[in-house]
Every structure is written in C-alpha cells, then in structure tokens.
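Undergrad: coords please:
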Amino acid sequence: VNTAHNGHVNGLCFTPEGLHLLSFGTDHRLRLWDTATGRNTLVNYGKISNESKKSVQFTVSRGSSPDVVFVPDDSSIAMFDVFGGTDLNRLVGHYNYVQCCVFNPDTQELYSGGSDSNILVWVPDLGRGEDYEEAKKQKAGTIQSSQNLQAYQDTWSSDED
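TA: This is a model prediction of the structure:
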C-alpha cells in the first residue's frame, strides 16, 4: 500500500494556481503533489522538524518569483523554493515553537504565531526606502534576516494578562 507519508499528515496547502498540493507530515517531510495526476513530484526539501500531532498551518507566497513555501520548523520558519526545493532562508524571532503562518499577497507580508503567545509580522524590503524602515524602527525593535525580512514587535497580543 502506498501512502503519502510515513507518519501522520498534519498540513496541506495548495500552490497559488491550484495545480499542486503541498503536504507536511510527522515523518518530517514536505511533499509536492501534482493535482492532475496525484503523483509526488519528488522535490526534495530535506528534513523539516514536525513533532506536532495537531494541524500545522503553512503557506505559499503569491506574486513572488520564485514561489516560496513558508513552513514552521521548531522555533523558526523555513523558506523553500516550492518547485526547486532549495532552502532559501530561516526566519528566526519566536521564543518557542511556531504553530502557524499565513501569507498576505496584497502586502507581501508573512504573519506567524507561536507557542510563545506572539504574532510576528515579517515584512520584505520591497524598495520602500530608508524612511519606511526608520518609521518602523521607531514603532518597534526589528529582527533582521539575510533576506531583508523583518519581524516587528508583537503588537497583536492582549495587554490584559
């Protein structure tokens, strides 16, 4: 019997055009499937930590080249070229496990939530210039990554606790 993963499948996400489906399993593998044929495309993303028995929300960029899949990987977010499998970067900013992430195609921003009770916003430098960056720095501290993505201080959580 052929199975999609050697463990639980706890994450699914379509590519923007809907022609491919990504699956994430507790076998620590991300797989890309051709939806027309049902076949595994055999793209190798390497090992990605997935100890969660719960659903893992991951996402794919829209309007970027190459298409990028963002996958929670322990306390970071792994970034891979969807069709090539190349490990592009790791986004680091959470203090505990990242549980979910979602991509906003209108602003090209990534939002992530973690077990540390924080929601982080990852903003790419889209040529907005230094004035934009300086204004953001005055609002909150930043965390730089090698791909000019920044996470801004958690302003989403309640102050009532």
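
Undergrad: which SS class is the residue nearest to Asp74 when sequence neighbours are not counted?
TA: Distances taken as Cβ to Cβ, 6 or more residues apart in numbering put Ser49 closest to Asp74, at 4.8 Å, once the chain neighbours are dropped. C-betas here are computed from N, CA, C, even on glycine. Under DSSP: H, G, I helix; E, B strand; the rest coil, Ser49 falls in the coil class.

Undergrad: who's the one residue sitting closest to the centre of the chain bridged to?
TA: Geometric centre of the chain, nearest residue: Phe70, 2.1 Å, by Cα atoms, centre = their mean. Counting by DSSP bridges, Phe70 is bridged to Thr59, Met79.

Undergrad: sorry, back to before: against Val82, how distant is the residue nearest to Asp74?
TA: 19 Å (Cβ to Cβ, to the nearest Å).

Undergrad: pLDDT value on the residue nearest to Asp74, please?
TA: pLDDT recorded at Ser49 is 93.

Undergrad: Comparing Ser49 and Val82, which residue is more hemmed in?
TA: A count of neighbours by other Cβ atoms under 10 Å puts Val82 above the other of Ser49 and Val82, at 22 against 14.

Undergrad: which residues does the more buried one contact?
TA: By Cβ atoms under 8 Å, 6 or more residues apart in numbering, Val82 lies in contact with Thr15, His20, Leu22, Leu32, Val43, Val60, Pro66, Asp67, Val68, Val69.

Undergrad: Lys54: which of those residues is nearest?
TA: Leu22 (17.7 Å; Cβ to Cβ).

Undergrad: doesn't that closest one fall inside a strand?
TA: Yes: with three-state DSSP as the criterion, Leu22 is located in a strand.

Undergrad: ok, so what distance separates it from Gly85?
TA: 11 Å.
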